[in-house]
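S.K.: 3D, please:
(chains A and B)
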Amino acid sequence: MSIETAPPSVSELESLVRRVVDERLAQTGRRRSATKKMALIATKGTLDWAYPPLILASTAGSLGWETGIFFTFYGLNIIHKRKRDDLAIAPIANPAMPMPVPVPNLLGAIPGMTPFASFMMKRKFRRSGVASIRELTDIAVESGVKLFPCGMTMQVFGYSADDFIPGCEPVCGAAAFLSYASDADITLAF
Amino acid sequence: MTTERTTIDAVPQPVQRVLDARRLLCPLPIVRLATGIREIPVAACLRLLATDPGSDADVRAWAKETGHELVEASRVNGEFHFVLRRTH
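M.R.: Residues are numbered from 1 along each chain as shown, chains lettered A, B, ... in the order given. Below you'll find the model as predicted:
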């Protein structure tokens, strides 16, 4: 003889999961925060790689989320006072780059092609209504996004804390960023 | 003129401010909206005009995440028009 019971509804399961999670979190001394948190890593210093972390972070700031970006390796250029205005994009070895006319990719090796392509790309972005890297980094600071410069790569590349835009967090290392990111809801690396 | 209108709240709201984010692309319309909502009193409304193709989904997500109320969303001649009420 078997007793047939109706399967639990989705909402019953949800409340059960929520209760179990809250109990477990209470045991570990951590609570679910009402504010969402996002922790990003930016490792690249080219124009195209600089945009995604800055767009996501400034948007997260606009959503009221707590947000931080760890800038390491070439990503440091994004928050560098002078270099953030001169981020470049190289057409060579980038077959996805839109060109006005089809040209062999090897032509990207000609001296001057990278500055030219970067100039064209920035102009296209500006005319399309896309914010510049300067604007986005300023918006990030204004909206409370924490910008963490990586101490190790700063040392290797010879940067000092004064090289970075005002509003950056104090120089830190992997342990400090991992601690910051450990209770984030979203973590992404670029 | 083509107008598709989804009215969420039937009560007409006085709009205190118009925010023109047309011809701006992501994330600027949302950044401007987040700043703009703080510059009007609680319970007041602002109208946001946008042309970014992602605006409709983004403004709805912004309202969901921040708790401010999307009172009206419409498309007028290919532009997105929103009315948002500051709730806190």
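S.K.: hey, where'd the helices end up in chain B?
M.R.: B:28-37, B:55-66 (DSSP state H).
S.K.: For chain B, see how far away A:Arg127 is.
M.R.: As judged by C-beta to the nearest C-beta, to the nearest Å, A:Arg127 and chain B stand 10 Å apart. Just so you know, the C-beta spots here come from the backbone N, C-alpha and C atoms, and that holds for glycine as well.
S.K.: Can you tell me the element that residue falls in?
M.R.: In the assignment (DSSP states H and E), A:Arg127 maps to helix A:113-128.
S.K.: buried ones in that helix?
M.R.: If you call a residue buried by 16 or more other C-beta atoms under 10 Å in any protein chain shown, then helix A:113-128 has these buried ones: A:Thr114, A:Ala117, A:Ser118, A:Met120, A:Met121, A:Lys122, A:Phe125.
S.K.: So the residue nearest the centre of chain A versus chain B, what's the distance?
M.R.: Geometric centre of chain A, nearest residue: A:Pro53, 2.4 Å, by C-alpha atoms, centre = their mean. A:Pro53 sits at a distance of 12 Å from chain B (criterion: C-beta to the nearest C-beta).
S.K.: Give me the distance from the strand or helix carrying that residue to the chain's centre.
M.R.: Using DSSP H and E, A:Pro53 sits in helix A:47-62. Distance of helix A:47-62 from the chain centroid (C-alpha atoms, centre = their mean, to the nearest Å) equals 6 Å.
S.K.: any idea of the angle that helix forms with helix B:28-37?
M.R.: If you take axes from the mean of the first three to the mean of the last three C-alpha atoms, to 10 degrees, helix A:47-62 sits at 30 degrees to helix B:28-37.
S.K.: list the contacts for the residue found closest to A:Asn77 once you drop the neighbours it is linked to in the chain?
M.R.: Distances taken as C-beta to C-beta, 6 or more residues apart in numbering or on different chains put A:Gly45 closest to A:Asn77, at 3.6 Å, once the chain neighbours are dropped. Applying C-beta atoms under 8 Å, 6 or more residues apart in numbering or on different chains to A:Gly45 gives the contacts A:Phe73, A:Tyr74, A:Gly75, A:Leu76, A:Asn77, A:Ile78, A:Lys83, A:Leu87.
S.K.: Could you find the closest non-adjacent residue to whichever residue of chain A sits closest to chain B?
M.R.: Relative to chain B, the nearest point of chain A is A:Ser62 (3.5 Å; C-beta to the nearest C-beta). Distances taken as C-beta to C-beta, 6+ apart put B:Ala34 closest to A:Ser62, at 3.5 Å, once the chain neighbours are dropped.
S.K.: ok now do the one you found, which residues does it touch?
M.R.: A:Gly61, A:Ser62, A:Leu63, A:Gly64, A:Ser143, B:Trp62, B:Thr66.
S.K.: Give me the buried subset of these.
M.R.: Buried members of the contacts of B:Ala34, counted by 16+ other C-beta under 10 Å: A:Gly61, A:Ser62, A:Leu63, A:Gly64, A:Ser143, B:Trp62, B:Thr66.
S.K.: Same question for the helix or strand of chain A with the lowest mean pLDDT: list its buried residues.
M.R.: Of all helical and strand segments in chain A, the minimum by mean pLDDT, DSSP states H and E falls on helix A:10-28, at a mean of 83. When burial is assessed from 16+ other C-beta under 10 Å, helix A:10-28 yields no buried residues.
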